[in-house]
Structures are given as C-alpha cells and as structure tokens.
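Chemist: Sequence first, then the predicted structure:
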Amino acid sequence: GTRLTKAWAPAGEEEVTLPIFEGRESVTGRVMISVPGGKRVEHQGVKVELIGHIEMLYDRSATTRFMSLVRELEPAGTLAEAREYPFEFSSEKPYESYLGINVRVKYFLRVTVTKQYSSDVKEEDFIVQCLQAEPEVNAAIKMEVGVEGFMHLEYEFTKSRYHLADVIVGKVYFLLVRIRIKHAEVAIIRRESCGSGPNAFNESENVTKFEIMDGAPMKGESVPVRLFLSQLPLNPTYRGVANTFSCRYFVNLVLVDEEDRRYFKQSELQLWRKDLG
C-alpha cells in the first residue's frame, strides 16, 4: 500500500513531507548511484547508515546518538556505470520522531561513497511513530477546586488516558458559588523537560484553550466539556526518552473572577498512539 507521510517543519527550516515508519517496521529501500557519462569513479567503498539521534536545540554539541546501523553496499573499487543497491534495516526503532521547543528526535538514512580526497554523502530524513496497545486501566479524573466558604466545584473526566484522535468528555459541577465568576476555561498544556543541573529546561505551552462558560454559574449548575483531540498538534506522552527528555500533558481548569483573580487546578493526561499519521 502507499506509505503515510507527514509534514515536518523544524523552526527556521523549510517544511518537508516525510514518509512514516512504525517503530517495529523494517526500513527498506534502494540506493541508486549514477556515474557521469564515460567516467570511472574510484572509491574506497559504498555504505548506507540508519541513524537516530536526539538534538538539544540550545546546545548543538549535546547530540545523543541512540541508533547507528550500517550496511556495506560495495567494497572498494571502481564504478563505471550506474548501480542500484537494495538495503534493509530490520532493527526496532525505540523512540518516536519529535519536534519540541528545546529537543528534536530525528531519524535519517545516510549514503556515503568514500573517496580518497572527498566523499559523496547524501542524507534522507524519515519519521518514526510507535503504535501502542490500549491501556488496560483507565481511571476517571476527579478533582476539586475550592476557596473555603466561598467556592467549591468538582470536575470530572470519564478517563485519564486518551489516544491522539480521542474525545475528552467531562463535566464541571458548581457546588458552592459565593465569588463572582466571570468565566471558566479549560486548557491543554504540553510540558517539555530536558537537561539537568544548570542546563535543565522546563517549557510549558498551551496546546489549546477554550471557554466552557461565560457569565456567573448558579449553585448546583453543571457544565459539560467536550474536546476533540484529533484537530490538535499532539504526540503521545514521553517519559525519560534515552534519559534526556520528557513530554507530558495536563488539563488545566481556570476560573476568573470579576477582579481578574485566577483559580486553577491541573491534572495529568496520558496520551497514547493508536494509529499512524
């Protein structure tokens, strides 16, 4: 069948469309080498490598290479005509491709024709995504927000683990309201943490936020929440990838009163990948 592709647009670089490979899937292809008409190319060997690495964007020297495979395609000799070499890398690719604020996980193929004075090198990027099994346990999220004697509300989501095209369904219950609430919103926050010591970075960004209520709620009122994840730029939850970074998601309930004071409560969501794309 035709392979799925995805747009890949690192900050400051041109957007490209790359093929997607599942983590356990073999990466196969062909290397085509053309030789200028009538010329003979002396070389010290032809090889193809599959490389996976993690780049820290604030420090390009801090690149962690977690995967490096090589296939020798041709021993040293002379190329007198165009050649084609099939190749296959069947090893499992352990991490997903990821474009973060401070971190990038990248996979690419590199073909090298080694020559005495200067080698010819060509690189092609591809994307890795890892499908996951449906979680066996999926507890609801229940939380309370309150200011003693003035406000008490509960919010509840039917589960805590969601696939990337899932729908978050929940309710907010206002049990006691003596503060003039102006509006309420729900936000999904992505938190990326990487590095350690003086080079530790924790970045939070709002993936989306939406108002669930405009105007003052009544005591006993419940407000439904429905949020479609498939429209959002999400990846699964990542924890301790190669001991270098994590990416986690939180749902944040924010209440704003008439004096613009903000009350909020946060709870972690676990995201997992059901389909490629």
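Modeler: Okay, I see it. Note that the structure is predicted; figures quoted are calculated from it, not measured.

Chemist: what about Y162, neighbour count?
Modeler: Neighbour count of Y162, defined by other Cβ atoms under 10 Å: 25. C-beta here means a position set from N, CA and C on the backbone, and glycine is covered the same way.

Chemist: for T244, same thing?
Modeler: Count around T244 with other Cβ under 10 Å applied: 18.

Chemist: Please apply the same query to I101.
Modeler: 16.

Chemist: what's the spacing between it and E192?
Modeler: 6 Å (Cβ to Cβ, to the nearest Å).

Chemist: list the residues that contact both of the two?
Modeler: When contacts are counted by Cβ atoms under 8 Å, 6 or more residues apart in numbering, I101 and E192 have F201, E203 as shared neighbours.

Chemist: any weak-confidence spans in the stretch 1-150 of the chain?
Modeler: 1 (pLDDT under 70).

Chemist: could you pull out the strands for it?
Modeler: Remark: strands assigned in the stretch 1-150 of the chain by DSSP state E, counting those that start in this stretch are 5-8, 16-22, 27-33, 41-43, 46-56, 59-74, 77-79, 83-89, 98-99, 103-113, 120-129, 141-147.

Chemist: Out of these, flag the one nearest P236.
Modeler: strand 120-129 (8.8 Å; Cβ to Cβ).

Chemist: Not counting its neighbours along the chain, what's nearest D260?
Modeler: Nearest residue to D260 in three dimensions, chain neighbours excluded: K182, at 7.7 Å (Cβ to Cβ, 6 or more residues apart in numbering).

Chemist: which residues does that neighbour contact?
Modeler: G215, A216, V256, D257, E258, D260.

Chemist: can we see that at 10 Å?
Modeler: M213, D214, G215, A216, L255, V256, D257, E258, E259, D260, R261 (Cβ atoms under 10 Å, 6 or more residues apart in numbering).

Chemist: and these, which are buried?
Modeler: Neighbour-count burial (16 or more other Cβ atoms under 10 Å) applied to the contacts of K182 gives M213, L255, V256, D257.

Chemist: beta partners for the second one?
Modeler: With DSSP bridges applied, the residues forming beta bridges to L255 are A184, Y263.

Chemist: That one and E211 touch, don't they?
Modeler: No: shown here, L255 and E211 do not form a contact pair, counting by Cβ atoms under 10 Å, at 11.3 Å.

Chemist: Identify the contacts common to the two.
Modeler: By Cβ under 10 Å, 6+ apart, the residues touching both L255 and E211 are H183, A184, E185.

Chemist: wait, isn't the second one in contact with I212?
Modeler: Yes: at 5.2 Å, A184 and I212 qualify as touching, with contact defined as Cβ under 10 Å.
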